[in-house]
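Asker: model this:
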Amino acid sequence: SGARVGVISFDAHMDLSDTPEYWASTEWVKSFELGCVSPDNFVEIGIRSNRSTNFERIVAEELGIRVYNIDEVKRVGMQAVIEDAVARACRGVDALYVSVDIDVMEPGLCPAQKAPEFWGLTVDEMMIAMRRVCAQPLAGLDICEHTPDYDVNGMGAQFCARLVVEALAGLAQRRRVERKSEG
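Answerer: Numbering: from 1, shown residues only. The predicted structure is shown next:
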């Protein structure tokens, strides 16, 4: 459609590999190569994995991608992080795409993770972030890596459902405001 889209990715892993060509950790590099997203409008939040390679760190640095690792999120707070992330991702774009890999969460709070990493985001931090990003015009939302075989009492599924509810609530609120301003 020609719309310019910014991306905020919540993930424990950078997913900035370029090989193999079609793989779960190559989606962002592929989107840059295809011109779907500019690295200037791409932000990653919650990175903490030792599995993020030096190559991925170099890619992020060379492309100017803003990466908020978990240390920074915990030190400055999610409210400050998400305000800056939204400003960066939305600069000069028509809409925002939000990607949530649930391994960004603390595994004790959100099970159902295939690749859990301790010291993740809390539910409170994620709700602060989701409410802020969902106030923007959204191009889309994906929630990935939910693994039912590892879920405990449906907590991971409930968390994923809540993220969808937050996105829909943001959409409804924006439409309500738009209708009031029209009439």
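
Asker: contacts and neighbour counts: CA atoms only from here.
Answerer: Will do.

Asker: Residue 73 sits in which helix or strand?
Answerer: helix 70-76 (DSSP states H and E).

Asker: Output the below-cut-off pLDDT ranges for this structure.
Answerer: By pLDDT under 70, the low-scoring segments of the chain are 1, 22-23, 51-52.

Asker: mind listing the helices for it?
Answerer: Assigned helices in the chain, in chain order: 27-33, 54-63, 70-76, 78-90, 123-133, 155-182 (criterion: DSSP state H).

Asker: same for the longest one, what does it pack against?
Answerer: When contacts are defined as 3 or more Cα pairs under 8 Å, 6 or more residues apart in numbering; DSSP states H and E, helix 155-182 sits against helix 123-133, strand 138-144.

Asker: can you list those in a markdown table and add mean neighbour count and distance to residue 110?
Answerer: Shown next, in a markdown table, are the helices and strands packed on helix 155-182 (neighbours: other Cα atoms under 10 Å; distance: least, Cα to Cα, whole Å):
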| stretch | mean neighbour count | distance to residue 110 |
| --- | --- | --- |
| helix 123-133 | 17 | 8 |
| strand 138-144 | 15 | 13 |
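
Asker: could those be laid out in CSV, adding distance to residue 11?
Answerer: Formatted as CSV, these follow (distance: least, Cα to Cα, whole Å):
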stretch, distance to residue 11
helix 123-133, 11
strand 138-144, 10
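
Asker: Out of those, which gets nearest to residue 97?
Answerer: Distances from residue 97 to each of the helices and strands packed on helix 155-182 were compared by Cα to Cα, and the smallest falls on strand 138-144, at 4.9 Å.
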